[in-house]
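Participant: any chance you can model this:
(chains A and B)
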Amino acid sequence: MRLLLIEDDEETATFLVKALKESGHAAEWAGDGAAGLESARSGGFDVLVVDRMLPAIDGLSVIRTLRQEGIETPVLVLSALGEVDDRVKGLKAGGDDYLTKPFAFVELLARVEALSRRSLPHEQVTRLVVGDLVLDRLSHRVTRGGEPIILQPREFRLLEYLMKHAGQVVTRTMLLENVWDYHFDPQTNVIDVHVSRLRAKIDKQFDRPLLHTVRGAGYVIRDASE
Amino acid sequence: MFGVALLSASAVSALAGVLFAVLVWQANQILIDDVLAGIEREAGGLVALSVREGDAAVARRLEDQQRANSAGLYHLSENGAYRAGSLRTVPGELLAAGGRGLFSFTSEAEPAPRLAAGRIETLAGGGILVVARDIENQRRLGSRLRWLAVAGFALIGLAAAGSGLVVARRVLRRVEEMAATSRAIMAGDLARRLPAAGSDDELDRLAHSLNLMLDRIDELMTGMREVSDNIAHDLKTPLNRLRNRAETALREATSPQDLRLALGETIEAADAIIKTFNALLLIARLESGAVEDTKDVIDAGALVASVVELYAPVAEDEGQSLVLSAERSATVRANPHLLAQAVANLIDNALKYARARLPVETHAAAVTASGTPARSQPIVVEVGRAGGRVCIAVADRGPGIPASERQHALTRFGRLERSRSTPGTGLGLNLVAAVARLHEGRLRLEDNAPGLRAVLELPAVDPVAPVGAE
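Facilitator: Just a heads-up that it's a prediction; the model follows:
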């Protein structure tokens, strides 16, 4: 995956470029809005990571300009600003996801990977398949090895999100935001409990587990034999 | 201020003066005009008579008129010789005025000259006729009116100036008081407030608004002070701990594994600090009331139900239970994310307290054996509408908060001393209180005997048909 990082803090940028390369992604860095806009226009990037507060042209203006020019590359907005209404502003400007500084690198990595998948025509897919686990988005039915699995509505949405991002790590915060639409940090590990309930339903009776915990990051659904 | 009073007083008197002048002039005009018209009519009649019947007839008519009208003055002469009328001669003044106008005369009865108006006509037979009227009485009335007008004008002017000065002095005195008070406030006496006269006039209202503004500024300043105090306490301690841990690792770690472990712990500690920092910032932000435009009309029951659904499995796994009783039509105008977070914090809190109450072995059993864990009393979450308020109550059976500490727990950034050392940011209830205040509501802590019952009160709104909303 090719990433463009528009960020004015050199230390953060150097750290991110290095860490992204170690994760197998090619990352380029632009130090201000104008340079970032130019690079983004030249195209060829799968995801843009844009800091909100940039010298010369601010991050949101960069995104707005790109969107007006019809450039639809997914954008992850980075911001030191709180989340109450800034998130809404960031997404309104054309950002696809919003991450507040300071953040853990795994969180950023999981989010850019999830965003890059967006460019694939995933929304039209009606059947999600991981190994012998099948989720039908139209009839809301889930089977594994042909056996039907009964899920609560929320469990269905949780599994749907995980399977949409099959093979990618999704963090707890991403699950809370996308499955529950909550943007806060619960003190209790509520997500873990929900995931373990889902796991009991889809993995317990079977030899090969599909839903895995990634230490220090989150969860991934993946068929190990693939 | 005095200038304004004087200006308005002189404007009022000028206006009154013009009004009086016009009045007097008009009255004079009406009185004189009437007389002049009468004279003209009579003179015309007499000239016509002389044409018809000769000058002698006019002389006879004058004798009659003289008897009938005491105010009438007449004179008729032929070739310079007096023939009839009370005037022995043609008045010189009248001649000088071109034959019509005013003149003064003296009668036998009274030595003082009197004013008269008249005209000179030439009769058909060559006789000179003077028809005039005594208008001394009109003149006196006119001059009395003029005098009255001047006196009234002076009186009104004085009254306007006087009352203006009195009002100005009163206003000035109060403005001066306000200025003195604000100087005192600027000098550091921040608790001082502007005095109000209690008359509910414009100045009182101004003082009231300014006092409200001062209260708000005071609140914000106190808030700022408390924020910095809390940042100092909440962040310095863990930062110091983090630093100590890193130093210890640097000094004592002998293997790469030790270092990895220490680094992992350091990152965890940093994450905890970030969490606390975020919570403090969010509370400060809410307190400043800067998130107004993100409120929507939402169904509090549905929102709470959704949060309860999020937490129910956690409670169940811990051998506790969450019971929800939500009333319909509990709509509020709120930021859904903040309200959800507030409710989540209340439930988090209840779970934490209830957890503290569970005996250790029960707790352990509940976590390990998912069979039939010993159930504690349920945590009850209620959503109801009482009057104009929507109440979201979370009641647990934990140890509760002692009555003496309850109030303190809710003051801006006030904290339970005990909670500072327990895990979590310990800012949960403060955040809920801040969310409540942002929505013109409040958070009440009550005794659930035993346990704590936290009630989040928000103003209820009528549900609206969602126009353009999702």
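
Participant: near chain B at all, the worst-scoring helix or strand of chain A on mean pLDDT?
Facilitator: Ranked by mean pLDDT, DSSP states H and E, the weakest helix or strand in chain A is helix A:86-92, scoring a mean of 83. Yes. Contact of helix A:86-92 with chain B (Cβ under 8 Å from any Cβ of the partner chain) involves residue A:88. Any C-beta I mention is one placed from the backbone N, CA and C, and that applies to glycine too.

Participant: tell me which strands the helix or strand just after that helix pairs with, and in which orientation.
Facilitator: Sequence-wise, the next helix or strand downstream of helix A:86-92 (DSSP states H and E) is strand A:97-100. Here strand A:97-100 is paired, per DSSP bridges, with strand A:75-79 (parallel).

Participant: contact partners of the strand it pairs with?
Facilitator: A:7, A:47-53, A:59-60, A:63, A:66, A:86, A:90-91, A:93-101, A:103, A:108, A:111-112, A:115 (Cβ atoms under 8 Å, 6 or more residues apart in numbering or on different chains).

Participant: please check these and keep the buried ones.
Facilitator: Buried by 16 or more other Cβ atoms under 10 Å in any protein chain shown: A:7, A:47-53, A:59-60, A:63, A:66, A:86, A:90, A:93-100, A:108, A:111-112, A:115, out of those.

Participant: for chain B, what are the nearby residues on chain A?
Facilitator: Counting by Cβ under 8 Å from any Cβ, the residues of chain A that sit close to chain B are A:82-85, A:88, A:100, A:102, A:104, A:154, A:180, A:182-190, A:193-194, A:197, A:216.

Participant: which residue is the nearest non-sequential neighbour of residue B:353?
Facilitator: residue B:398 (2.9 Å; Cβ to Cβ, 6 or more residues apart in numbering or on different chains).

Participant: show me the contacts for residue 135.
Facilitator: Just so you know, I chose chain A. Residues in contact with residue A:135 (Cβ under 8 Å, 6+ apart) are A:127-129, A:141-142, A:156, A:159-160, A:163.

Participant: wait, chain B
Facilitator: With Cβ under 8 Å, 6+ apart, residue B:135 has these contacts: B:31-32, B:35, B:102, B:115-117.

Participant: buried subset of these as a ChimeraX selection?
Facilitator: The ChimeraX selection below is limited to those of these classed as buried (16+ other Cβ under 10 Å):
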select /B:31,32,35,102,115,116,117
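
Participant: let me have the contacts of residue B:135 in JSON lines, extended by pLDDT, distance to residue B:317 and secondary structure.
Facilitator: As requested, these are exported to JSON lines (pLDDT from 0 to 100; distance: Cβ to Cβ, whole Å; DSSP: H, G, I helix; E, B strand; the rest coil):
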{"residue": "B:31", "pLDDT": "78", "distance to residue B:317": "110", "secondary structure": "helix"}
{"residue": "B:32", "pLDDT": "80", "distance to residue B:317": "112", "secondary structure": "helix"}
{"residue": "B:35", "pLDDT": "85", "distance to residue B:317": "116", "secondary structure": "helix"}
{"residue": "B:102", "pLDDT": "85", "distance to residue B:317": "119", "secondary structure": "strand"}
{"residue": "B:115", "pLDDT": "86", "distance to residue B:317": "119", "secondary structure": "strand"}
{"residue": "B:116", "pLDDT": "88", "distance to residue B:317": "123", "secondary structure": "strand"}
{"residue": "B:117", "pLDDT": "88", "distance to residue B:317": "119", "secondary structure": "strand"}
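
Participant: among the contacts of residue B:135, which one lies nearest to chain A?
Facilitator: residue B:31 (81.0 Å; Cβ to the nearest Cβ).

Participant: how much space separates the closest one from residue B:346?
Facilitator: Using Cβ to Cβ, to the nearest Å, we find residue B:31 at a distance of 92 Å from residue B:346.

Participant: can I take it that residue B:279 is in a helix?
Facilitator: Yes. Looking at residue B:279 with DSSP: H, G, I helix; E, B strand; the rest coil, it is inside a helix.

Participant: was I right about it contacting residue B:432?
Facilitator: No. Judged on Cβ atoms under 8 Å, residue B:279 makes no contact with residue B:432 at a distance of 11.3 Å.

Participant: neighbour count winner among the two?
Facilitator: More neighbours surround residue B:432 than the other of residue B:279 and residue B:432, with 26 against 22 (other Cβ atoms under 10 Å in any protein chain shown).

Participant: what about the nearest residue to the more buried one once chain neighbours are set aside, how many neighbours?
Facilitator: Leaving aside its chain neighbours, residue B:432 sits nearest to residue B:342 (4.5 Å; criterion: Cβ to Cβ, 6+ apart). Neighbours of residue B:342 under the rule other Cβ under 10 Å: 31.
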